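Trainee: Turn this into a structure:
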Amino acid sequence: MTASFEIILVPTIMIMVGLFLKHFNFLDSSDSQVLNKIVVNIALPCLIFINLSKATINPDVMVLPVTAIFLVFTTAVMAYIYSRFRNYSKSTTWTIILASSMMNTAFIGYPVIMGVLGNEGFISSIFYDMAMALMFVLYAMILVGVFGGNKRQVIRDGLTFMPLWAVLFALIFNFFNIELGYVLETSLGYLSQATIPLIMLSLGLTLDLNSVKSNISDTAFILFTRLLFAPILILIIYKALDIQSLVYHVAVLDSAMPIAMNCLVLSINYDLDNELMASAIFLSTILCVVTLTLFITFM
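Mentor: Residues are numbered from 1 along each chain as shown. Now for the predicted structure:
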């Protein structure tokens, strides 16, 4: 059986390749934007569609989006109380709320879940991640109301998010048992295989050692909430409810994922504390190698 550390080591090495390519100027940080577009608009939708369209879907997976929304709400309330206690401004408060409650269930979650739990785990993880995508749109709408912005653009971005459409069409194909055929299935298969390496390379290009700043207490709170409190809370709740199936493992691991990279996009768009956000994202992505290994081993 593959050791937990080896499972985490595989995506970590691919991230390091991205860092290496950036360090020696083979690629630039801005190249991650192109890779992200390929992943989000082509490779990831293909991966979701080809797996979900012919999968046997367990009804138990419907607890996963509920878990994701519950966890986002719970950690957001924690972050709000912490920020109020420290008398922070609106921009800093929303930075801490976003960073504490939004998990990277796609760009890191999918590779890790597939490595640990295989395709069946990945299919279950899709339902958790789709809830996170909806929460991202909801956060964007809230931030538009708080700080001002274009609500129509937020809605347009949400409606053109290709992985959501991939899930919708995959469920239709699955329900009506529509065959893909050799040509379509093979083409989608080839495109889907690019997802994991492109995600990891993109992360390597995005990470920046210079983003680590000195705001230790806020960063520590965010990292504790995101990497430890959240998965432990879900682990305890699922144990109490006697949920021990594959759904349990997916829920705990997805809840243990580092901060979503898209949080930095929201932070920049709405003029939040970008230094704190970038620092927290970088550190959570690095430290999750340790915390995820522990949860994989002992959950």
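Trainee: pull the longest helix from this structure.
Mentor: helix 109-147 (DSSP state H).
Trainee: Mind checking what helix or strand follows it in sequence?
Mentor: helix 151-159 (DSSP states H and E).
Trainee: So for that following helix, mean pLDDT?
Mentor: Confidence for helix 151-159, expressed as mean pLDDT, is 86.
Trainee: what does that helix rub up against?
Mentor: 134, 137, 140-141, 144, 164 (Cβ atoms under 8 Å, 6 or more residues apart in numbering). Using the backbone N, CA and C atoms, a C-beta is placed for each residue, glycine as well.
Trainee: Just the CA trace of that helix, in PDB.
Mentor: Taking Å, rounded to 0.1, in the frame of the first residue of the first chain, the C-alpha atoms of helix 151-159 are listed here in PDB:
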ATOM      1  CA  LYS A 151     -23.100  42.500 -10.000                       C
ATOM      2  CA  ARG A 152     -23.800  41.600 -13.600                       C
ATOM      3  CA  GLN A 153     -20.200  40.700 -14.200                       C
ATOM      4  CA  VAL A 154     -20.200  38.400 -11.100                       C
ATOM      5  CA  ILE A 155     -23.300  36.600 -12.300                       C
ATOM      6  CA  ARG A 156     -21.900  36.400 -15.800                       C
ATOM      7  CA  ASP A 157     -18.700  34.800 -14.500                       C
ATOM      8  CA  GLY A 158     -20.700  32.300 -12.400                       C
ATOM      9  CA  LEU A 159     -22.900  31.300 -15.400                       C
END
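Trainee: Which parts of it count as buried, going by neighbours?
Mentor: 154, 158 (16 or more other Cβ atoms under 10 Å).
Trainee: Give me the angle between it and helix 109-147.
Mentor: 170 degrees (axes from the mean of the first three to the mean of the last three Cα atoms, to 10 degrees).
Trainee: What is the subsequent helix or strand relative to helix 151-159?
Mentor: Immediately after helix 151-159, counting by DSSP H and E, sits helix 162-175.
Trainee: What residues of that following helix count as buried?
Mentor: Buried residues in helix 162-175, counted by 16+ other Cβ under 10 Å: 162-164, 166-167, 169-170, 173-174.
Trainee: Packing partners of it?
Mentor: helix 44-52, helix 109-147 (3 or more Cβ pairs under 8 Å, 6 or more residues apart in numbering; DSSP states H and E).
Trainee: Please identify the most buried of these.
Mentor: Looking across the helices and strands packed on helix 162-175 with neighbours counted as mean count of other Cβ atoms under 10 Å, the highest average goes to helix 44-52: a mean of 24.
Trainee: about what we covered before: mind checking the pLDDT average for the longest helix of the chain?
Mentor: 93.
Trainee: Could you check how far it is from the centre of its chain?
Mentor: 5 Å (Cα atoms, centre = their mean, to the nearest Å).
Trainee: do the same with stretch 11-22
Mentor: Worked out by Cα atoms, centre = their mean, stretch 11-22 lies 18 Å from the chain centre.
Trainee: And stretch 269-285, by the same measure?
Mentor: Between the centre of stretch 269-285 and the centre of its host chain there is 15 Å, according to Cα atoms, centre = their mean.
Trainee: With stretch 32-43 instead?
Mentor: The chain centre lies 15 Å from the centre of stretch 32-43; the measure is Cα atoms, centre = their mean.
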